[in-house]
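**Student:** Need coordinates for the following:
(one chain, ligands or ions: 1)
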Amino acid sequence: MSAVVEPTKSPNSPNREFTLERTRNIGIAAHIDAGKTTTTERILFYTGLIHKIGDVDDGNTVTDWMEQERERGITITSAAVTCFWTQKKEAGLYKAFEAVGHRINIIDTPGHVDFTAEVERSMRVLDGAVAVFCGVAGVQPQSETVWRQATKYKVPRIAFVNKMDRTGANFENALNDMRTKLKAYAYPIMLPIGAEDKFEGVIDLVNQKAILWGPGDVTNEGLKYEIKDIPAEHQERAKAGLAELIDAVSNKDDEIANLVLEDKPIEPAILKAAIRRLTCKIELVPVLCGSAFKKKGVQVLVDAVVDYLPSPLDIPPATGIELGTDNTVTVETNDANKFCSLAFKLWTDPYAGKLVFFRVYSGHLKKGDTIYNPRTRKRERVSRLMVIQGSERKDINEVFAGDIAALVGLRNITTGDTICDEDLDVTLEPPTFPEPVISMAVEPKTKQDRDKMSEGLQRLAEEDPTFRCFTNEETGQLIIAGMGELHLEIIRDRLFREFKVEANAGAPQIAYRETITKAAEGEGKFIRQSGGRGQYGHACITIQPNEKGKGVEVENKIVGGSIPKEYIPAVIDGIEEAIKGGVYAGYQVIDIKAQVTDGSFHEVDSNELAFKMAGIFALKDAFKKAGPILLEPIMKVELTTPDEYQGDLIGDITRRRGMIINIEAKQGQTIVNAQVPLAEMFGYATAIRSLSKGRASYSMEPLTFEQVPNSVLTTILDAASKKPAART
Ligand code: GDP
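**Tutor:** All right, here's what the predicted structure looks like:
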């Protein structure tokens, strides 16, 4: 670590380098193209630079930097990257250069917002976010969506109006957009000096200083800035801006309100502390501006991350469920407690291999320790711990509460798993993964790629527990199944980008399920006598509905030997095979109990195959008598729309066999909760865009499976009888 960064110790853990107060876990959220990647890159550039200054004499050359820059391209797409930032200490701001080091973990947030589980998980592991907006376009429709997600998951934010150097950049417009479209209580803490090609600096309102970049070109050390008195022509704006900021803060903060009432001076440090309090409570959004591309305003932004975004101690502690009970457990952020962490992302690093990124909520973990996964009830030894730091992969020995790191080489952990001390049976996230609701057949564009493709798909399935892939035995096709159209599209895209396999895909198919409504008995016989040794298998079974969500249970009830013991597994195999393949329309059967009750055998002709066939026939026979029904996935859909489109959107949902659950008004937007069959949601993204001129957004997640109404059943059965393609 660089000498400039001052390590700060914690009494509980002598090896800790940065106290919790000096740790930030942040995400950078933005509309595509607003500059998320560039901003992240620039933060790494400047924080890396500070880091480098510590070892000044090694003569950084241009090539050094270019290489590192290239490297960064890879690292910033990683799940989390760690950097360090040295700030000048509060009291002597801009005078004394006593260094205060902070550790900042930047967590990648999903660019798409439809997979609630993934969004929720990434929102959960970060404590605050920088929302990046384009200074020209202001608040674009997708920024509204990203913003609402952050509001929903209670993530404190600061806003960065980027691209101030571009023609048409207008800070005031972007700010107004935030206030009107996002209903944000947004107030500038920095005002731009100039814009477009005259974007020369910013006014620091709190300190009433001007930060000027000067005429120099961007060098390998970035842009140097000078802190000066505010030029005369900007003084009025600066004063008005500060007054507006104080007014906004005093409306919500008693300490500042009292100072205003008593007409006392408000010291910058006091004002900053109040802004921090309100930002952490999500009552205020401080707004800054800059040009990530031109490296302007980035240092100031990182200062603001440290000044205003919460440390792990400023947010409510995580909660989990004690395994096997409904008891909620609070996981306090403290090194002295038992180790408890959440694996939030699996990532394959081109150099280090498979990494499991995790966030520690309590306790600490050392290399050589044994960890426990309550989902699998398996233990594993930690042989290597790593962080991605700037452009390097760095081995570390220990990780503490509130921090983020990666485990290397562990096999039995998947996204969403809790990793903890052995005697802590707590899960931070429910360990159940939903059934896929949609599937499609995929094949590689070129035949030789088939092996590469199935290996790639297998790897992706390991990373994402809601994604599955398998081969359809009937057709030999590779089938991928997941939580929605977009989910599978992204899988195909990753297959192409990460494994260089282009896949052709069939039309998406709904993953219907079959079940029964009453108990029934069934009999299956497989008897062949064609000279020589024949075949003889005979089984009787009963089936009945199982509780919803309980899955399939098959058991043997024969005690008297009507089927010899050695053939019972074959009968059960047959039953299970028929259940997988479906009876009614070729879709997997769920939620039934089956019992083998009776049968008969032949001394010579009986064999396993014959009993397996008898099992298949018996299940099919019983199933047909048990009031079979077809189930379809029902999605929980949440629409957020400006009021004026509400009527049209609700009408559209009703036409899609949807049921409106409730409608609420929230911050000038209408939120509609509905349940809609997935089969009716194809192409919904386009429909909602055209119905609301791009202003409404939606998210959906699988909720349950419900019986397909008769009016739609015939169509599905007809299609099923014609096409045994991509069913799950
Ligand atoms: P992302 O999609 O949000 O990750 O956006 P990127 O960081 O990839 O930026 C999208 C485009 O905008 C790229 O061509 C960038 O070079 C450009 N860009 C990003 N920040 C700025 C900026 O501050 N000024 C200008 N002029 N262009 C920018």
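
**Student:** Just give the number of residues close to the residue in the stretch 301-450 of the chain positioned nearest to the ligand.
**Tutor:** With Cβ to the nearest ligand atom, the shortest gap between the stretch 301-450 of the chain and the ligand falls at Leu301, namely 11.5 Å. Placement of C-beta: from N, CA and C, glycine included. By the criterion of other Cβ atoms under 10 Å, Leu301 has 23 neighbours.

**Student:** Please identify the residue most distant from the middle of the chain.
**Tutor:** The outermost residue of the chain, judged by C-alpha distance from the chain's mean C-alpha position using Cα atoms, centre = their mean, is Gly531 at 63.0 Å.

**Student:** Let's verify the closest residue to the ligand within the stretch 501-650 of the chain: helix, strand, or coil?
**Tutor:** Of all residues in the stretch 501-650 of the chain, Thr640 sits closest to the ligand, at 21.5 Å by Cβ to the nearest ligand atom. When classified by DSSP: H, G, I helix; E, B strand; the rest coil, Thr640 comes out as strand.

**Student:** follow-up on the earlier one: model confidence for the residue farthest from the centre of the chain, exactly?
**Tutor:** Per-residue confidence at Gly531 stands at 70 (pLDDT).

**Student:** and if you look at the one 5 residues further on?
**Tutor:** For Tyr536, the pLDDT comes out at 95.

**Student:** who's in contact with it?
**Tutor:** By Cβ atoms under 8 Å, 6 or more residues apart in numbering, the contact set of Tyr536 is Phe526, Ile527, Phe601, His602, Asp605, Ser606, Ala610.

**Student:** Can you give me the separation between the closest residue to Arg103 other than its chain neighbours and Gly694?
**Tutor:** Ranked by Cβ to Cβ, 6 or more residues apart in numbering and with sequence neighbours excluded, the top spatial neighbour of Arg103 is Phe18, at 4.2 Å. The gap separating Phe18 from Gly694 is 43 Å, by Cβ to Cβ, to the nearest Å.

**Student:** Among the two, which residue is more densely surrounded?
**Tutor:** Taking Phe18 and Gly694 together and counting by other Cβ under 10 Å, Phe18 has the greater number of neighbours (24 against 13).

**Student:** can you tell me the residue of the stretch 151-300 of the chain closest to the ligand?
**Tutor:** Phe293 (3.2 Å).

**Student:** Tell me the confidence at that residue?
**Tutor:** In the predicted model, Phe293 carries a pLDDT score of 88.

**Student:** The one 5 residues further on now?
**Tutor:** Val298 is assigned 91 on the pLDDT scale.

**Student:** and it, how many neighbours?
**Tutor:** Summarising burial for Val298: neighbours were counted as other Cβ under 10 Å, giving 26.

**Student:** going forward, begin numbering at 812 instead of 1
**Tutor:** Done: numbering now begins at 812, and the last item shifts to Val1109.

**Student:** Which residue is the nearest non-sequential neighbour of it?
**Tutor:** Closest residue to Val1109 apart from its sequence neighbours, by Cβ to Cβ, 6+ apart: Arg853 at 4.5 Å.

**Student:** what does Gly1345 give?
**Tutor:** Asp1416 (4.1 Å).

**Student:** which SSE is that neighbour in?
**Tutor:** Under the criterion DSSP states H and E, no helix or strand holds Asp1416.

**Student:** residue contacts, it?
**Tutor:** With contact taken as Cβ under 8 Å, 6+ apart, Asp1416 is in contact with Ile1338, Arg1339, Gln1340, Arg1344, Gly1345, Gln1346, Tyr1347.

**Student:** Check the spacing between it and Lys1092 real quick.
**Tutor:** Asp1416 sits at a distance of 78 Å from Lys1092 (criterion: Cβ to Cβ).

**Student:** got it, and Leu855?
**Tutor:** According to Cβ to Cβ, Leu855 and Lys1092 sit 29 Å apart.

**Student:** Pick out whichever of the two has more residues nearby.
**Tutor:** Residue environment comparison for Leu855 versus Lys1092 gives the larger neighbour count to Leu855, 26 against 14, counting by other Cβ under 10 Å.

**Student:** give me the number of residues near the residue of the stretch 1312-1461 of the chain closest to the ligand?
**Tutor:** As a burial measure, the neighbour count of Thr1451 was computed by other Cβ under 10 Å and equals 21.

**Student:** now swap in Val1071 and tell me
**Tutor:** Using other Cβ under 10 Å, Val1071 has 16 neighbouring residues.

**Student:** can you check Gly1267 too?
**Tutor:** Residues lying near Gly1267 (other Cβ under 10 Å) number 22.

**Student:** Run through the residues that contact it.
**Tutor:** Gly1267 makes contact with Leu1306, Glu1309, Phe1310, Val1312, according to Cβ under 8 Å, 6+ apart.

**Student:** nearest to Asn916, of the residues you listed?
**Tutor:** Out of the contacts of Gly1267, the one with the shortest distance to Asn916 is Glu1309. That distance is 23.4 Å, counting by Cβ to Cβ.

**Student:** Can you list the neighbours in contact with stretch 1035-1047?
**Tutor:** In contact with stretch 1035-1047 (Cβ under 8 Å, 6+ apart) are residues 905, 1004, 1012, 1014-1015, 1019-1025, 1027, 1049, 1110.

**Student:** So for it, what gets flagged as buried?
**Tutor:** Neighbour counts over stretch 1035-1047 (16 or more other Cβ atoms under 10 Å) mark Tyr1036, Ile1041, His1045 as buried.

**Student:** got TSV for those residues, with pLDDT and distance to Ile1327 too?
**Tutor:** Written out in TSV, the entries for the buried residues of stretch 1035-1047 read as follows (pLDDT from 0 to 100; distance: Cβ to Cβ, whole Å):
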residue	pLDDT	distance to Ile1327
Tyr1036	78	72
Ile1041	95	77
His1045	96	76
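
**Student:** Just checking, which helix or strand of this structure averages the lowest pLDDT?
**Tutor:** helix 873-886 (a mean of 42; mean pLDDT, DSSP states H and E).

**Student:** Report the next helix or strand after it in sequence order.
**Tutor:** The first helix or strand that comes after helix 873-886 along the chain, using DSSP H and E, is strand 891-899.

**Student:** I'd like the mean pLDDT over that next one, please.
**Tutor:** This predicted structure assigns strand 891-899 an average pLDDT of 82.

**Student:** by contact count, what packs against it?
**Tutor:** In terms of contacts (3 or more Cβ pairs under 8 Å, 6 or more residues apart in numbering; DSSP states H and E), strand 891-899 is packed against helix 847-864, strand 910-918, helix 1109-1119, strand 1196-1200, strand 1215-1219.

**Student:** Tell me which entries of the contacts of stretch 1035-1047 lie within helices.
**Tutor:** If you go by DSSP state H, those have Ala1049, Gln1110 in helices.

**Student:** check the contacts of stretch 1035-1047 against the ligand, which are close?
**Tutor:** Among the contacts of stretch 1035-1047, no residue sits close to the ligand (Cβ under 6 Å from any ligand atom).

**Student:** so of the contacts of stretch 1035-1047, which ones are in strands?
**Tutor:** Among the contacts of stretch 1035-1047, DSSP state E puts Ile1004, Gly1012, Ile1014, Asp1015, Lys1020, Ala1021, Ile1022, Leu1023 in strands.

**Student:** What subset of those is buried?
**Tutor:** Among those, those scoring as buried are Ile1004, Gly1012, Ile1014, Asp1015, Lys1020, Ala1021, Ile1022, Leu1023 (criterion: 16+ other Cβ under 10 Å).

**Student:** Kindly reformat the residues you listed as CSV containing pLDDT.
**Tutor:** Output for those, formatted as CSV (pLDDT from 0 to 100):
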residue, pLDDT
Ile1004, 96
Gly1012, 93
Ile1014, 97
Asp1015, 96
Lys1020, 93
Ala1021, 94
Ile1022, 91
Leu1023, 90
